[in-house]
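Student: Provided below for reference: sequence and predicted model.
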Protein chains: 2
Amino acid sequence: MNIDGKQAAADLRVKLTKEVESLKAERGITPGLTVVLVGDDPASQVYVRNKVKQTREVGMISDEIRLDEDTTEEALLATLAKLNNDENVHGILVQLPLPKHINEEKIIATIKPEKDVDGFHAMNSGRLLNGEKGALVPCTPQGCVILAKRHLGDDLSGKHAVIIGRSNIVGKPVSILFLQENCTVTIAHSRTQNLPSMCRQADILVAAVGRPEMVKADWVKPGATVIDVGINRIERDGKNKLVGDVDFDDVSAVAGGITPVPGGVGPMTIACLLKNTIEAAKIYG
Amino acid sequence: MNIDGKQAAADLRVKLTKEVESLKAERGITPGLTVVLVGDDPASQVYVRNKVKQTREVGMISDEIRLDEDTTEEALLATLAKLNNDENVHGILVQLPLPKHINEEKIIATIKPEKDVDGFHAMNSGRLLNGEKGALVPCTPQGCVILAKRHLGDDLSGKHAVIIGRSNIVGKPVSILFLQENCTVTIAHSRTQNLPSMCRQADILVAAVGRPEMVKADWVKPGATVIDVGINRIERDGKNKLVGDVDFDDVSAVAGGITPVPGGVGPMTIACLLKNTIEAAKIYG
């Protein structure tokens, strides 16, 4: 059974639209998200356009700051300082990757944690790890949990979640989130021995490695829920194609539920970005 | 085979003594640790006395601030503000637990992350999770990894570490540390299904749950390395006794290496506290 990320994202946006309305009505706050884009990478431009569009659709204020490819680190830091102090801006997102002459880690550390809607700042990672209030949690991992629950129901307690990949953006935070849902969590990666047999233990299998169609049917326990975070561009039969980290045709015969690529985790990421901005406005606005 | 935590801690202190000497000689810095103790809990007093003694033995400056049981939160916060600004203090440790009228989370959040030698501040948890530089890492988890390496050698890559327990103080940070060592990591807990069979997969088994002698021989793969973090006071044959979370007599027949209680992880915790203070002085001093 396909887990429909497009529909899940649409459902979430309906909920968020209502939350924005009541924030406006009850507290006079309109959540605002500012996206900062440096340079003119075409893929980043498409992403940013999508973010701006969806932000407006749920009734939020969307702003976009475009800076030249050769913008200095100092200039970008100055822009962020202004946004940090602007009380109408509840969320700040700097579109990654940045040009090579700019230190990404420094930029992320400069965004006020309370406005860091990507959830990449160490304060947010730490609040997540410690289960403290006020954490802004990375978007894609949130999307993974929502999709797993869409298929399995809200109680994931006792299920064994196996995560392949240990990146800061997906693997590590999604592990913490499934742990908070009372799952037993295994984090596997390139050094894991006998990876297929480790994956076969999973009730919930999350693939976040960036290797096209790596996960095969014999890696998956019959009936398991498979969440595919990969987005890989490959060429097949002379055509460009998007595929996940999971061999979809092979695995869908075995899995109880599986997210397709595209149309699975992807659409959830932007929806969760809006969710984070509303969260930031609610808590810190 | 017993993994001797007392000896490992003594070895570490020898190394630390040399580091303190070269810090003094090369940079004119003498690392300083200030322990703040509120109230007169007898167990806490013993701990604090030990910390002070060992801090001095490695050549560091040790200070102790004792506050009355009925000290207000404001007064404690003011004390911490002073210590945060004192450039001779590289490490601040507030002995837990605190009296009930004081909010522990607020106190921990007030200690400057760069002086938080317990490693409990969200900034340190986040730097640990993200693998960022400058993290001060909780002491007991560091001790666990040092003891595992003492038995297995420095390369833990590909080993399966199973952690029982998911506390902020041990379970979660020790999981991240073993992940950084390129282990496959499973975090198990009270909701885990078929816990014994999950544990039997472990090359390295860490028990940190606070349940006396819970882990039995048939939970352990022959030859596995067992790290016992538990310190439980029980009565047996009319006598008080300290036991771990592992049934030592039962498990030592099966394990390849095992830490005893007492004399295993315990002594490493204070040694790693000294290590953190030196680290803080080196990076931020």
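Tutor: Yep, it's here.
Student: Can you pull the residues of the stretch 101-250 of chain A lying near chain B?
Tutor: Selection of the stretch 101-250 of chain A residues close to chain B by Cβ under 8 Å from any Cβ of the partner chain yields A:105, A:120-132, A:157-158, A:160, A:166, A:168, A:172-173, A:175-176, A:179, A:182-189, A:191-193, A:198. Glycine gets a C-beta too; all of them are placed from N, C-alpha and C.
Student: Among the residues you listed, which are located in strands?
Tutor: Per DSSP state E, strands hold the following members of these: A:160, A:184, A:185, A:186, A:187, A:188.
Student: Just flag the most distant two among the residues you listed.
Tutor: A:184 and A:188 (13.2 Å; Cβ to Cβ).
Student: ranges for the helices of the stretch 151-285 of chain A?
Tutor: Assigned by DSSP state H, counting those that start in this stretch, the stretch 151-285 of chain A shows helices spanning A:171-180, A:195-199, A:248-252, A:265-284.
Student: can you give me the angle the lowest-mean-pLDDT helix or strand in chain A makes with helix A:265-284?
Tutor: Least confident helix or strand, chain A: helix A:42-57 with a mean of 92, by mean pLDDT, DSSP states H and E. Per axes from the mean of the first three to the mean of the last three Cα atoms, to 10 degrees, the angle that helix A:42-57 makes with helix A:265-284 is 50 degrees.
Student: what comes into contact with helix A:42-57?
Tutor: Residues outside helix A:42-57 that contact it (Cβ atoms under 8 Å, 6 or more residues apart in numbering or on different chains): A:13, A:17, A:33, A:35, A:37, A:61-62, A:64, A:93, A:95, A:97, A:270-271, A:273-274, A:277.
Student: State the pair within those that is farthest apart.
Tutor: The widest separation within the contacts of helix A:42-57 (Cβ to Cβ) is 31.2 Å, between A:17 and A:97.
Student: out of these two, which sits in the busier spot?
Tutor: residue A:17 (15 against 12; other Cβ atoms under 10 Å in any protein chain shown).
Student: picking up where we left off before, and the least confident helix or strand of chain A, what's buried?
Tutor: Within helix A:42-57, the residues scored as buried using 16 or more other Cβ atoms under 10 Å in any protein chain shown are A:44, A:47, A:48, A:51, A:54, A:55.
Student: what's the next secondary structure element after it?
Tutor: strand A:61-67 (DSSP states H and E).
Student: can you tell me how far the nearest residue to residue A:152 once chain neighbours are set aside sits from chain B?
Tutor: Nearest residue to residue A:152 in three dimensions, chain neighbours excluded: residue A:225, at 5.9 Å (Cβ to Cβ, 6 or more residues apart in numbering or on different chains). Counting by Cβ to the nearest Cβ, to the nearest Å, the gap from residue A:225 to chain B is 16 Å.
Student: I'd assumed residue A:206 was in contact with residue A:225.
Tutor: No - counting by Cβ atoms under 8 Å, residue A:225 does not reach residue A:206; the two are 9.2 Å apart.
Student: now the longest helix seen in chain A and helix A:42-57, what's the angle there?
Tutor: Looking across chain A with DSSP state H, the single longest helix is helix A:5-27. Put simply, helix A:5-27 runs at 50 degrees to helix A:42-57, going by the same axes, to 10 degrees.
Student: for helix A:5-27, packing partners?
Tutor: helix A:42-57, helix A:139-152, helix A:265-284 (3 or more Cβ pairs under 8 Å, 6 or more residues apart in numbering or on different chains; DSSP states H and E).
Student: Contacts for that helix next, please.
Tutor: Contacts of helix A:5-27 (Cβ under 8 Å, 6+ apart): A:29-31, A:54, A:57-60, A:143, A:146-147, A:150, A:259-260, A:263-268, A:270-272, A:274-275, A:278, A:281-282, A:285.
Student: buried set for it?
Tutor: Those would be A:5, A:8, A:9, A:12, A:13, A:16, A:19, A:20, A:23, for helix A:5-27 by 16+ other Cβ under 10 Å.
Student: Chain B versus the third one, what's the distance?
Tutor: Separation of residue A:9 from chain B (Cβ to the nearest Cβ) stands at 27 Å.
Student: And for the fifth one?
Tutor: With distances defined as Cβ to the nearest Cβ, the gap from residue A:13 to chain B amounts to 29 Å.
Student: what's near enough to touch residue A:125?
Tutor: Contacts of residue A:125 (Cβ under 8 Å, 6+ apart): A:119, A:168, A:173, B:125, B:126, B:127, B:129, B:130.
Student: Go ahead and confirm residue A:216 touches residue A:250.
Tutor: Yes - using Cβ under 8 Å, residue A:216 is in contact with residue A:250, at 5.5 Å.
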